[in-house]
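Student: please work out how this folds:
(one chain, ligands or ions: 1)
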Amino acid sequence: MLGPPGAGKGTQAERLARRFQLPKISTGDILREAVQSRTPLGCVAKATMDAGNLVGDDVMIGIVQERLDREDARRGFVLDGFPRTVVQATALDLMVDGRGPLVVLDIAVPEDVLAIRLASRRICGQCGSDARPEWGLACQKCGGELITRADDVYLIVRERLKVYLRQTRPLVEYYSTRSTFRVINGNQPPDVVTADVDAAVSTAGSRGAAQ
Ligand SMILES: [Zn+2]
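Tutor: Down below sits the predicted model:
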């Protein structure tokens, strides 16, 4: 599932995974897991992050590969946060070769709408986590108070969108000519987006399988 920050991608990926009873594989989660369980790749990733650098394509690809090889992912999976680059997308094509159609959904939301959404998004004043809509008033990771950071929020928003577009626009181009690629209008109420996602997966999935 592709989509810029603020498009509701995480929520939709979670709902999709629940609906089809598949594991939702988010790169943030598996990276954390690999580091904690000290797999060889997890140790490389930790050293990289400790040095203040971003984890490179090779390590990300290896960690995702390890995760997709696990038993619970055999029937399928929902990927959230991977691939982020064309190099990763090419590797993913090899990983899923012979495993059924790879349905690619791009949750699209106009930039000005994203900026408003992101600017009003709350974070935890204590640990900095992005607040989820269902969290209510307190951070569910550390119990801290949820706040908005009105002062620097527009700069952060513009920077995050810029980074996203620079990195992932080539990805959309990479996938756009496939029959299993669908653009979802993310500028709708979440439940309507969910219905569109379900419909897209059903049609794109069966078309891909027939190829
Ligand atoms: Zn917190």
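
Student: alpha carbons only for contacts and neighbour counts from here, please
Tutor: Fine.

Student: in stretch 114-124, what counts as buried?
Tutor: 114, 115, 117, 118, 119, 121, 122, 123, 124 (16 or more other C-alpha atoms under 10 Å).

Student: among those, which ones are in strands?
Tutor: Of these, the ones assigned to strands by DSSP state E are 123, 124.

Student: any chance of the buried residues of stretch 114-124 in TSV with distance to residue 198 and pLDDT as columns?
Tutor: What follows is the buried residues of stretch 114-124, written out as TSV (distance: C-alpha to C-alpha, whole Å; pLDDT from 0 to 100):
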residue	distance to residue 198	pLDDT
114	23	82
115	26	79
117	24	76
118	25	74
119	29	72
121	26	73
122	28	79
123	29	81
124	32	84
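
Student: so which of the buried residues of stretch 114-124 also contact the ion?
Tutor: Contacts with the ion within the buried residues of stretch 114-124, as defined by C-alpha under 5 Å from the ion: residue 124.

Student: nearest to the ion, of the buried residues of stretch 114-124?
Tutor: residue 124 (4.7 Å; C-alpha to the ion).

Student: if you rank every helix and strand of this structure by mean pLDDT, what lands last?
Tutor: Least confident helix or strand of the chain, by mean pLDDT, DSSP states H and E, is helix 111-119 with a mean of 79.

Student: just checking, what packs against it?
Tutor: Applying 3 or more C-alpha pairs under 8 Å, 6 or more residues apart in numbering; DSSP states H and E, one finds that helix 111-119 contacts helix 153-175.

Student: what separates residue 98 from the ion, distance-wise?
Tutor: Distance, residue 98 to the ion, using C-alpha to the ion, to the nearest Å: 42 Å.

Student: now name the helix or strand holding that residue.
Tutor: Counting by DSSP states H and E, no helix or strand carries residue 98.

Student: which phi and psi does it have?
Tutor: phi 80, psi 0 (degrees, to the nearest 10).

Student: helix or strand for residue 197, which one?
Tutor: helix 190-210.

Student: name the residues that touch that helix?
Tutor: Here helix 190-210 makes contact (C-alpha atoms under 8 Å, 6 or more residues apart in numbering) with 8, 12, 15-16, 100-103, 105, 179-182, 184-186.

Student: switch the cut-off to 10 Å
Tutor: Contacts to helix 190-210, defined as C-alpha atoms under 10 Å, 6 or more residues apart in numbering, come from residues 1, 7-8, 11-13, 15-16, 19-20, 99-107, 178-188.

Student: separation between residue 41 and the ion?
Tutor: Distance from residue 41 to the ion, by C-alpha to the ion: 28 Å.

Student: of the contacts of helix 190-210, buried ones?
Tutor: Buried among the contacts of helix 190-210 by 16+ other C-alpha under 10 Å: 1, 7-8, 12-13, 15-16, 101-107, 180-187.

Student: looking at the residues you listed, which are in helices?
Tutor: 12, 13, 15, 16 (DSSP state H).

Student: close enough to count as contact, residue 54 and residue 48?
Tutor: Yes - between residue 54 and residue 48 there is a contact under C-alpha atoms under 10 Å: 6.7 Å.

Student: who has more neighbours, those two?
Tutor: residue 48 (15 against 10; other C-alpha atoms under 10 Å).

Student: distance check, that one against residue 55.
Tutor: As judged by C-alpha to C-alpha, to the nearest Å, residue 48 and residue 55 stand 6 Å apart.
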